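Enquirer: Give the three-dimensional model of this entry:
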Amino acid sequence: TQQFLTKTTTTLPQQCVAGYIFRQGDIGTNWYAVLTGSLDVKVSDTSNHQDAVTICTLGIGTAFGESILDNTPRHATIVTRENSELLRIEQKDFKALWEKYRQYMSGLLAPPYGVMETGSNNDSKHPVIMWHVPLRVTSVPSEKILRAGKVLRTAILSRAPHMIRDRKYHLKTYRQCCVGTELVDWIMQQSSCVHLRTQAVGMWQVLLEDGVLNHVDQEQHFQDKYLFYRFLDDEHEDAPMPTEEEKKECDEELQDIMLLLSQIGPDAHMRMILRKPPGQRTIDDLEIIYEELLHIKALSHLSTTVKRELAGVLVFESHPKAGTVLFNQGEEGTSWYIILKGSVNVVIYGKGVVCTLHEGDDFGKLALVNDAPRAASIVLREDNCHFLRDVEANTVRLKEHEQDVLVLEKIPAGSRTSNQGNTQPKYIVMSGTPEKILEHFLETMRLETTVSVHDFVMMHCVFMPNNQLCPALMPSQGTEQEKMDYALNNKRRVIRLVLLWAALYGDLLQEDEAAMAFLEEFYVSVSDDTRVIAALKDQLPELEKHKVLLHHFNTSDERTQKRQPIRESDEILFKVYCLDHTYTTIRIPVLSSVKEVISAVADKLGSGDGLILVKMSSGGEKVLLKPNDVSVFTTLSVNGRLFACPRDQFDTLTPLQEQEGPSTGTVGTFELMSSKDLAYQMTIYEWELFNCVHELELLYHTFGRHSFKKTTANLDLFLRRFNEIQFWVVTEICLCSQLSKRVQLLKKFIKIAAHCKEYKNLNSFFALIMGLSNVAVSRLTMTWEKLPSKFKKIYAEFESLMDPSRNHRPYRLAVAKLEPPVIPFMPLLIKDMTFTHEGNKTFIDSLVNFEKMRMISNTVRTVKFCRSQPFTPDASLANKNHQDVRNYVRQLSVIDNQRTLSQMSHRLEPRRA
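Expert: A predicted model of the protein is given here:
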C-alpha cells in the first residue's frame, strides 16, 4: 500500500480549481482525488444540464472519474462548492497504475471497478454481488480498545509468557505471535463471565477489527484455530517488556477490560459471521444472526420463520465513504437493504433529496415486490455505513369466497429431504381460521408428529376451545359413505392428535364435561371403525389406556405420595377480614369468582348488601376486585390479605398488624444450619411447587384467567415463592443490627445461592441474588466493605448472570448448557410470554395469528424440557433427618413492604454526609 501511495503522489499533478470539473455525458480523460475543499455530484435525466439535481457531496479523501477505465461517458456532472485542491492523473497513466496496483486501488473506486465482484450462485439465474469488507472496521483504534489490547498483552506476558513467541510454520518464522485457540483458552480461564468459546472469539474479534490484534498475513478474521495473531505492540522489533508497575496496573484493570469486551464482543462476532458466504455459516452462526434480527425495527413485522430464513442468506455490506451510490433510479431491483449503522439520502430525479433514512430503516423492497425498476437513487449520507442485504420470503394464501382462510410461508428446506432424497420446500402455517389450521395439520400429519402439531395442541384453547375442537374432530353430518371416507382418510391422524391432546391435558380433562363426553364417544367410534378398518386396531389400546387413566387417576399410590396440584374444583378454607380486623372463614372452590366469594361472606355475616372485595397489601395499597375475577386467593402478595366491606368504607380500610411481618430476625436459628442443607431443602420444596404447575396455567396467566374461567393457583404459588425468598434475604439482613452478623449473613446467602445454582435451582438462585441487590441491602456500604474479596468476586459473577442486556443473554447462554431437571427462572419465562402476547395480535384480519401461537408454545416447551427428567435427591443429604431445616424453609416469615425495609436499612447505616 505504501509503495502505491508513493507512486501516485509523485506522478499526480496538483490542481487548484473552482467551477465545473466535467459534465454528465462528457468523455473522460482524467481521474481525480480530493485533497481539500468539496464538490457536488449532479445528475440529470434530460439533456438539459440545468435540470441536474445534486445527489451527494464529495469531501476530502474521496475520488471520482473512474469511468476512464472503459471509456464510458461521465455518469454525472462534478462542480466545486468552494476552492478545492485535487490530484489529477491522465487516462493512460491511470490505466497503467490500475493494472499494476489493482488490489490496492479497488478500495478507492466506486463500483463496478471497486469493491464489488460477481460470484456464482447455484440457486439463481443471476449473479450474486458479494462485498469484500476490510478486516478492520475502524481506521484508527479507539482509546478503550487500544488500552484493552495493552492490558491483555501485559496480562499474557505476566501470566503465560510462553504464549507470545516466535513460531515456525512451513519453513517460515513468524515473530512474536499467538495462536488463536490458545488465546480463546486463556481468556476463558481468566473470566467467569465468558461461558462459550464463541463469546471469546467475539472478544478477540473486537481487537482485530480495531487493528490492535492482527493476523500475521492480514488475511483472516479471528478464528478459534491454529492461526497466528500478533498484538499491535509486537509489530515493532524493539517492543518493550512491561514493567512491574505496568503489570500491577493491568492486573487491576483486567476484569473491567474483560467485562467491556464481553459486552461489545457479540456485535463484532456477528459482523464476522455476516461476512461469511451464506453456505459456510454453521447452525450456531445462524442462531446468533437470528437473535440480532429480533431487535431490528425493519424486521419487526416479519415472522420468526422468515427471520430464521433471512439469517441464512443476509450478507453484511459496508461502505467507507459518504457519497457512495448504492443504486440508481431506474435500475433493476435485486436486493433489499436494512441500515445497521449510518444514514442514506433518498434521491429522485427532478426533486433532489426527498428524505433521509437512518439506523433500523430499510429500503429497496418495493422494486422487488412489484418487479419494477428502482423508484429512487440511494446515496450514503455519512462515512462508514453498514447494511444487511437480501430479499423477503414467499407467502402462499389460500382463499375461500375471496377471503383468506390460510396463510403459509415457504421455507427453503435445504437441510430437509424427502424419502427419495430430494430437497423439498416446506410450508409453515402463519395464520388462518381455526378450522382451516386444524384441517391443514390433519392433512399434512405424518407418522412423526411435527413441532407445529404440538404447537396446535398446546395453543388451541386460545382460539378453538374444547367445545369447538371436539365436534370438529368428530363430524356428525353427511351420508354414511362420507363418514366412511372420513374414517378411512383421517381417522388415524385424528387418533394421533387426540392422543397428544389427552396426554397434554391429562387430569384437567376430568373437569371438562364436554371433553370427557367426547373421549367416550370417540373411543366407541374408533372401536366400531376397527371392524371395517383393521389398521385402527393398533391404536385402540393406546386410546384405551388414556381412557382408563382418566377414570382411575385417584387410585394411583404414586400420586398419594406426592404434593398434589391444586384443581379448580378443590375447596379451600380462607379468611376474609372486615373493617374492624375481625374475620370470617369461608369454604369455597378455588375457581370461585369474586361475586361468589362476596355471596359466601354475606351468608356468614348475615347481611351483605353493597359488599365489595378488596386486596390489601402490607403497605396499605388497596385493589378493588372485579365481580368476574376468579381464583383471587392465590394472587395475593406474600403478606397480602382479602377484605370485605361496604363500598363507602373502602377508603377507611387499613392493613392488619400481622401483615407488617416479623420484628426480629431468625439468624440465630438458620446460621446453625448448613448452607448446603438449606439450599437442598429449598430445592426440594420448589421442585414440588414447580412440578404442580400445569403447562396450560402459563397460557391462562398470559392471556388472562377470566378469558378461560380457569385457575392458575399452582403457578401463582410458585411465583409468590420467588418473591418470598427475595424478601426473606432483605428481611433477615435489615433485622440484623450487628455489623459483623450482617457480614456473616451476606456470606451465608451467597453460599446458599451457590448451592442452589449447583442444584440447578435457578428460581431460588435468582431470588437470592435479587434480594442481595435490593436497594435496602445494596446501600449498606459498611457491610459490603467488610465482605471478604472472595465473596465479592463470587457475588459479582452471580450478578453478571442477571445482566438484562441483549435479552438476558448471559442467563440464556448459561441455561442452554444445562440438562434437566432444572427449576427455571420463572419470572423471565412469564416476561417472555407476556412480551410475545402484548407485542403480537392474536388475530390478524380475523385470522388466528399462528406465528404468535408458535412463539408462545416454544416458551412453554422450555418448562416441559426442564421437567423431562425427575429430580433425584442428593445421596449425601437424602438419608439425613433435616426436619428442622425442612420446616424452616417452608415457613419463611418476611417483611414485604419495600418502604419499611428501606427505613430499617437507613437506621442501620444512615446516609453519609
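Enquirer: Which strands and helices lie in contact with the top helix by length along the chain?
Expert: Longest helix of the chain, by residue count under DSSP state H: helix 244-274. Packed against helix 244-274 by the contact rule (3 or more Cβ pairs under 8 Å, 6 or more residues apart in numbering; DSSP states H and E) you find helix 143-159, helix 180-190, helix 197-209, helix 283-293, strand 315-319, helix 805-816. In short, each C-beta sits where N, CA and C put it, glycine included.
Enquirer: mean confidence for that helix?
Expert: Here helix 244-274 scores 87 as its mean pLDDT.
Enquirer: buried sites along that helix?
Expert: Residues of helix 244-274 classed as buried by neighbour count (16 or more other Cβ atoms under 10 Å): 246-247, 250, 253-254, 257-258, 260-274.
Enquirer: Look up phi and psi at residue 583.
Expert: Here is the backbone geometry of residue 583 (degrees, to the nearest 10): phi -140, psi 160.
Enquirer: Show the contacting residues for it.
Expert: Listed by Cβ atoms under 8 Å, 6 or more residues apart in numbering, the contact partners of residue 583 are 575, 576, 577.
Enquirer: could these be laid out in JSON lines, adding secondary structure and pLDDT?
Expert: Compiled in JSON lines, the contacts of residue 583 are given as follows (DSSP: H, G, I helix; E, B strand; the rest coil; pLDDT from 0 to 100):
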{"residue": "575", "secondary structure": "strand", "pLDDT": "93"}
{"residue": "576", "secondary structure": "strand", "pLDDT": "95"}
{"residue": "577", "secondary structure": "strand", "pLDDT": "95"}
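Enquirer: so the longest helix of the chain versus helix 180-190, what angle?
Expert: Interaxial angle of helix 244-274 relative to helix 180-190 (axes from the mean of the first three to the mean of the last three Cα atoms, to 10 degrees): 120 degrees.
Enquirer: ok, the residue positioned nearest the centre of the chain - contacts?
Expert: With distances taken as Cα atoms, centre = their mean, residue 807 lies nearest the centre of the chain, 4.8 Å away. Residues in contact with residue 807 (Cβ under 8 Å, 6+ apart) are 291, 294, 295.
Enquirer: What about those, which one has the most neighbours?
Expert: When neighbours are taken as other Cβ atoms under 10 Å, the top entry among the contacts of residue 807 is residue 291 (17 neighbours).
Enquirer: residues contacting that one?
Expert: 806, 807, 809.
Enquirer: For those, give me JSON lines that also has pLDDT.
Expert: Below are these laid out as JSON lines (pLDDT from 0 to 100):
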{"residue": "806", "pLDDT": "80"}
{"residue": "807", "pLDDT": "83"}
{"residue": "809", "pLDDT": "88"}
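Enquirer: Output the residues you listed as TSV; include the columns distance to residue 682.
Expert: TSV is the format used below for those (distance: Cβ to Cβ, whole Å):
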residue	distance to residue 682
806	30
807	28
809	27
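Enquirer: Out of those residues, flag the one nearest to residue 163.
Expert: Residue 163 has its nearest neighbour among the contacts of residue 291 in residue 809, at 28.3 Å by Cβ to Cβ.
Enquirer: Neighbours of the closest one, how many?
Expert: By other Cβ under 10 Å, the residues close to residue 809 number 17.
Enquirer: what about it, distance to residue 87?
Expert: 48 Å (Cβ to Cβ, to the nearest Å).
Enquirer: Work out for me the element residue 57 sits within.
Expert: Using DSSP states H and E, residue 57 maps to strand 53-58.
Enquirer: Residue 888: what's it in contact with?
Expert: Contact analysis of residue 888 by Cβ under 8 Å, 6+ apart lists 666, 669, 670, 673, 678, 681.
Enquirer: Pick the one among those closest to residue 75.
Expert: Nearest member of the contacts of residue 888 to residue 75, counting by Cβ to Cβ, is residue 678, at 75.7 Å.
Enquirer: Look up how far residue 359 lies from that closest one.
Expert: From residue 678 to residue 359 the distance is 49 Å (Cβ to Cβ).
Enquirer: between the two, who's got more neighbours?
Expert: Neighbour totals were compared for residue 678 and residue 359, and residue 678 leads with 23 against 15 (other Cβ under 10 Å).
Enquirer: How about the one helix or strand residue 21 maps to, which residues are buried there?
Expert: In this structure, residue 21 sits in strand 20-22 according to DSSP H and E. Residues of strand 20-22 classed as buried by neighbour count (16+ other Cβ under 10 Å): 21, 22.
Enquirer: now for it, which elements pack on it?
Expert: In terms of contacts (3+ Cβ pairs under 8 Å, 6+ apart), strand 20-22 is packed against strand 77-80.
Enquirer: Tell me which strands the strand it packs on pairs with, and in which orientation.
Expert: Using DSSP bridges, the strands paired with strand 77-80 are strand 20-22 (antiparallel), strand 39-43 (antiparallel).
Enquirer: List the contacts of the first one.
Expert: Yep, that's strand 20-22 we're talking about. Against strand 20-22 from outside (Cβ under 8 Å, 6+ apart): 28, 32, 39, 65, 74, 77, 78, 79, 80, 86.
Enquirer: Helices of the stretch 301-450 of the chain, start to end?
Expert: Listed in chain order, the helices of the stretch 301-450 of the chain (DSSP state H, counting those that start in this stretch) span 304-313, 365-369, 434-444.
Enquirer: quick revisit: where's the helix or strand that comes right after the strand holding residue 21 relative to the chain centroid, distance-wise?
Expert: On the C-terminal side of strand 20-22, the closest following helix or strand by DSSP H and E is strand 30-36. Chain-centre distance of strand 30-36: 47 Å, with Cα atoms, centre = their mean, to the nearest Å.
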